[in-house]
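K.L.:
what's the 3D shape of this:
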Amino acid sequence: MRFTKVFFFLGLILFFAVAGYSETDVQKGTRLAKMYDDQPSFEYVRATINLKIYNPEGKIRFTKTLIMASHTENPGTFNKVEKFIGYFTKPADDMGSSILYINRAGMPGEKYFYLKSIRKIKKISGGDKKLSFFASDFTNSEVALPEFIDFTYRYLRDDVAPFKGKEIECYMVECLPKSPQVKYDLGYGKKIMYFEKKTLLEMKTEYYDENMVKWKEQNILSFITKNNVRGQKVYYTTGSEMRNVQTGTKSRISFSDFLFEEDAKIDHDIFTLEYLTRKWW
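P.N.:
Now for the predicted structure:
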């Protein structure tokens, strides 16, 4: 009987200790953002990307096309490395220009452009990150892989995001640049991400300028689900729209002609500066 009472009181203490713990908004926001950052991914992807740029009247100004390849090394570990290379095939003015992004977990990302017009490889750093990506409403930082370490996070509330005529239940997470330098480099004061509750798919992102006035809104247009080489289900965004609410312009990115994992037939050695100016596909 004595031991029964002891276990009862220990259990009671544990219950109140757990019940008394409440996750803060900062802890919840950080947890959700980290879970999003750690989602399963494909090891290899190859696809065609179409970038359409619209004027304020909704008419297409430019259409740009590039082929891309990506490779994720050591997924699900502290040594995760994400790599992306792309080569413009249209229009003629951009054909031959290329891009390379490399993200290493816990470290600043590396971004490079090869600009055919000047025949020079340029590293994207500092304020270059906030410049327009090839005249679109996306910036150089927004088309690259997000860097978890650049922000602090806070859960705001549950809300909904539109998707194909439906309202999708989401977690709203505020992301603030970690330092004045990051804020300057990215060119915005904060962003608010809408994560779908079950999959943590990024349904919508709102961007606020350095004066905290709403600047742009990005919405997902399409996605696919497919198992990766490890048998994990991957939610892969295949289309998104960035709308500048201050100017009325918008840009859309869409992916097609997918090849995944072994079918992509990608040499993992192509993600180097050398291949910015060489054929790899």
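K.L.:
residue ranges in this structure under the pLDDT threshold?
P.N.:
Scanning the chain with the threshold set as pLDDT under 70 gives 1-21.
K.L.:
now do the helices in it.
P.N.:
Counting by DSSP state H, residue ranges of the helices within the chain are 2-20, 25-37, 180-186.
K.L.:
which residues touch Tyr184?
P.N.:
Taking C-beta atoms under 8 Å, 6 or more residues apart in numbering as the contact definition, Tyr184 lies against 126-127. Bear in mind the C-beta positions are built from the backbone N, C-alpha and C, glycine included.
K.L.:
if I look at it, how far off is Ile124?
P.N.:
For Tyr184, the distance to Ile124 under the criterion C-beta to C-beta, to the nearest Å works out to 14 Å.
K.L.:
next one: Thr72
P.N.:
To Ile124, Thr72 is 21 Å away according to C-beta to C-beta.
K.L.:
list the buried ones in stretch 247-261?
P.N.:
Residues 249-255, 258, 260-261 are the ones in stretch 247-261 that count as buried (16 or more other C-beta atoms under 10 Å).
K.L.:
actually stretch 161-180, sorry about that
P.N.:
Within stretch 161-180, the residues that count as buried by 16+ other C-beta under 10 Å are 161, 163, 168, 170-177.
K.L.:
show me where the stretch 51-200 of the chain has its strands.
P.N.:
Listed from the start of the chain, the stretch 51-200 of the chain has strands (DSSP state E, counting those that start in this stretch) covering 60-73, 81-90, 98-104, 110-115, 120-123, 151-163, 166-177, 190-196.
K.L.:
so what does the third one touch, helix or strand wise?
P.N.:
Right, the one you point to is strand 98-104. Strand 98-104 sits against strand 81-90, strand 110-115, with contacts defined as 3 or more C-beta pairs under 8 Å, 6 or more residues apart in numbering; DSSP states H and E.
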